[in-house]
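**Q** Next one to model:
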Amino acid sequence: MLGDSILESKKWMLSIEGKVLIQPTDHQTDFTSALAVLFTAYYVFNIEYQVEAATTMECIQRFFARINPDYSKCTSKVQVSKKSGKMVQRKASNLNPQVLRFITEFKEFEWQNH
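**A** Numbers count the residues shown, from 1 in each chain. From the prediction side, this is the model:
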């Protein structure tokens with residue numbers, strides 16, 4: 001990001017493994033576009049979050065960007081069983097406990113103050 005703050009960014013780029021993959025057009029210089037491209041790149045290139053940033057990235061993904069905000073890795077609640085071929089309930093994957101605690105406390109705080 002280039003600018004006085006992330007909210008006043010003037011330029012950004014996406015690089016993976018030291019190579020610049022995307023430079024925005026004149027219409028994509030804002031922080032929202034940069035964030036959308038970042039999360040799209042994680043999905044398209046099937047990249048896992050760095051261990052050091054995983055909790056922060058998951059919090060941004062689920063709480064702020066609302067990408068798979070439910071407490072699972074997948075938005076689908078049912079799937080076709082490989083054994084029976086019938087629709088079955090999907091098992092929920094674990095949500096990072098720190099992210100879950102943040103979301104829970106935020107919702108409780110919001111609820112108590114309205």
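
**Q** And the contacts of stretch 27-37?
**A** Met1, Ile6, Leu7, Ser9, Lys10, Lys11, Trp12, Leu14, Ile22, Pro24, Ile60, Ala65 (C-beta atoms under 8 Å, 6 or more residues apart in numbering). The way it works is simple: take the backbone N, C-alpha and C, and place the C-beta from them, glycine included.

**Q** Tabulate those (TSV), appending distance to Asn46, neighbour count and secondary structure.
**A** Formatted as TSV, the contacts of stretch 27-37 follow (distance: C-beta to C-beta, whole Å; neighbours: other C-beta atoms under 10 Å; DSSP: H, G, I helix; E, B strand; the rest coil):
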residue	distance to Asn46	neighbour count	secondary structure
Met1	24	13	coil
Ile6	26	13	helix
Leu7	30	9	helix
Ser9	27	18	strand
Lys10	31	10	strand
Lys11	27	12	strand
Trp12	22	21	coil
Leu14	15	15	strand
Ile22	17	16	strand
Pro24	23	16	coil
Ile60	19	17	helix
Ala65	18	16	coil
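
**Q** Closest one to Ile47 out of those, please.
**A** Set against Ile47, the nearest of these by C-beta to C-beta is Leu14 (11.3 Å).

**Q** Surely Met57 is in contact with Val51?
**A** No - using C-beta atoms under 8 Å, Met57 is not in contact with Val51; the gap is 10.5 Å.

**Q** More neighbours: those two, which one.
**A** Met57 (19 against 7; other C-beta atoms under 10 Å).

**Q** so where do the helices sit in the protein?
**A** Taking DSSP state H as the criterion, the chain contains helices spanning 31-44, 54-59, 97-112.
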